[in-house]
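Asker: Here is a sequence with its predicted model. Questions after.
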Amino acid sequence: MSVADARTRLTAQLVGEVRPAESMARHTTFRIGGPAAMYCVLETVHDLALALPILEEEGVEWTVVGKGSDLLVSDEGYPGAILVLGREFKRHAVEGGLLRAGAGCVLAHLVQEAFNRGLLGLEWAVGIPGTIGGALVMNAGTGEGWIGQVVDTVTLYVPGEGFVLVHGRDVAWEYRRSGLAGRGIILEASMRVSEIDPLRIRARMERSLKDRKATQPIGLPSAGSVFMNPPGGSAGKLIESVGMKGLREGGARISPVHANFIVNEGGASAADVVRLIRAIQVRVKSETGTDLRPEIKFLGHFEEA
Ligand SMILES: Cc1cc2nc3c(=O)[nH]c(=O)nc-3n(C[C@H](O)[C@H](O)[C@H](O)COP(=O)(O)OP(=O)(O)OC[C@H]3O[C@@H](n4cnc5c(N)ncnc54)[C@H](O)[C@@H]3O)c2cc1C
């Protein structure tokens with residue numbers, strides 16, 4: 001019973017690739033993170049159905065990752081298996097007012113596809129990185145909308161239960177949180193779309209992208225907003241108000257462009273980022289009384305997170 005045995009069995013049986021000691025810095029938008037003991041691409045539903053029992057039998061922990069655009073992976077890496085959804089989970093189709101997409105689809109591609117086809121429903125998501133799976137877990141969104149508003153159904157694979165269909169109306173959708181987190185592996189979602197003249201949404205989408213470019217440090221690796229906005233407030237403004245904008249810790253820096261972004265200026269470690277996160281939380285709490293809660297997810301072992 002070991003990671004090595006699991007790796008040998010998975011390599012022999014999966015269609016998808018199984019990589020040992022894969023640097024997670026290659027798979028996160030922060031460009032930070034130590035090695036995962038195993039990185040498995042599940043190309044098919046069959047791969048998924050084979051992999052989970054093997055990992056269970058070998059006692060290997062696992063987690064599913066999308067594009068790693070909301071993740072900080074520890075410098076020591078992850079001791080288990082990182083599962084990534086491949087080929088069969090990257091398909092999409094439009095049928096009768098629904099856009100059905102595999103959880104591995106890149107949200108930005110679907111936004112573009114919806115726009116090209118004159119479909120209203122995902123235009124608020126322009127500029128948000130990541131996959132449909134990640135967007136559903138995070139209830140990804142902006143001031144203009146969020147994914148939970150358009151979800152009709154979600155298909156999950158729940159270990160021990162199998163395939164489970166959940167209706168969007170039965171999921172608790174909160175600001176950057178959804179009731180789907182921790183329920184299983186999201187495989188697919190159907191989202192409501194309606195026909196529209198693309199020219200009617202084009203200006204709005206272009207404005208959103210322009211605003212993003214002007215207000216966010218787009219050119220440097222990051223994981224987007226580090227903290228959730230407190231009710232009625234702005235995490236970025238609070239951090240700026242306590243004078244921390246631009247502060248550095250090793251290769252990590254509180255962005256001088258947007259104080260709720262921590263950027264990797266080159267060679268930043270997860271420990272650097274965590275030190276900045278802790279320093280922000282302590283100073284903002286002591287000077288304003290506000291508790292800032294991380295929006296980003298942590299993977300692996302962290303002393304202080
Ligand atoms: C520059 C930048 C700007 C951003 N702007 C925004 C924004 O405007 N709004 C916003 O909401 N977010 C924003 N984000 C954050 C991020 O892009 C979103 O949260 C995105 O939805 C995460 O998707 P992902 O595929 O990268 O998920 P990951 O980071 O890979 O994973 C996020 C979580 O989802 C889980 N997960 C992923 N896929 C599955 C699956 N198939 N089944 C079960 N669990 C799964 C992971 O285990 C993890 O817990 C931004 C990030 C960056 C880097």
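Answerer: Yep, it's here.
Asker: Get me the contact residues on the stretch 101-250 of the chain for the ligand.
Answerer: Proximity of the stretch 101-250 of the chain to the ligand (Cβ under 6 Å from any ligand atom) is limited to residues 103, 128-131, 133-135, 137-138, 140-142, 185-186, 222-224. Where you see a C-beta, it was placed from the backbone N, CA and C, and this is true even at glycine.
Asker: Quick one: list the elements packing against the helix or strand bottoming out on mean pLDDT in the chain.
Answerer: None of the helices or strands of the chain scores lower by mean pLDDT, DSSP states H and E than helix 199-215, at a mean of 92. With contacts taken as 3 or more Cβ pairs under 8 Å, 6 or more residues apart in numbering; DSSP states H and E, helix 199-215 sits against helix 107-116.
Asker: any residues touching the helix it packs on, and which ones?
Answerer: 92, 99, 101, 120-123, 125-132, 135, 140, 193, 198, 201-202, 205 (Cβ atoms under 8 Å, 6 or more residues apart in numbering).
Asker: can you tell me which of these are in strands?
Answerer: Those of these mapping onto strands are His92, Leu99, Ala101, Leu120, per DSSP state E.
Asker: The helix or strand hosting Leu165 - contacts with which helices or strands?
Answerer: Assessed by DSSP states H and E, Leu165 sits inside strand 162-167. With contacts defined as 3+ Cβ pairs under 8 Å, 6+ apart, the packing partners of strand 162-167 are strand 151-158.
Asker: between the strand it packs on and strand 162-167, how big is the angle?
Answerer: 160 degrees (axes from the mean of the first three to the mean of the last three Cα atoms, to 10 degrees).
Asker: partner strands of strand 151-158, parallel or antiparallel?
Answerer: strand 162-167 (antiparallel), strand 185-192 (antiparallel) (DSSP bridges).
Asker: Next, the buried residues of that strand.
Answerer: Val151, Asp152, Thr153, Val154, Thr155, Leu156, Tyr157 (16 or more other Cβ atoms under 10 Å).
Asker: Identify, from these, the entry nearest to Gly289.
Answerer: Val151 (35.7 Å; Cβ to Cβ).
Asker: Counting neighbours, what do you get for the closest residue in space to that closest one that isn't next to it in sequence?
Answerer: Leaving aside its sequence neighbours, Val151 sits nearest to Gly168 (Cβ to Cβ, 6 or more residues apart in numbering; 3.4 Å). Applying other Cβ atoms under 10 Å, we find 21 residues neighbouring Gly168.
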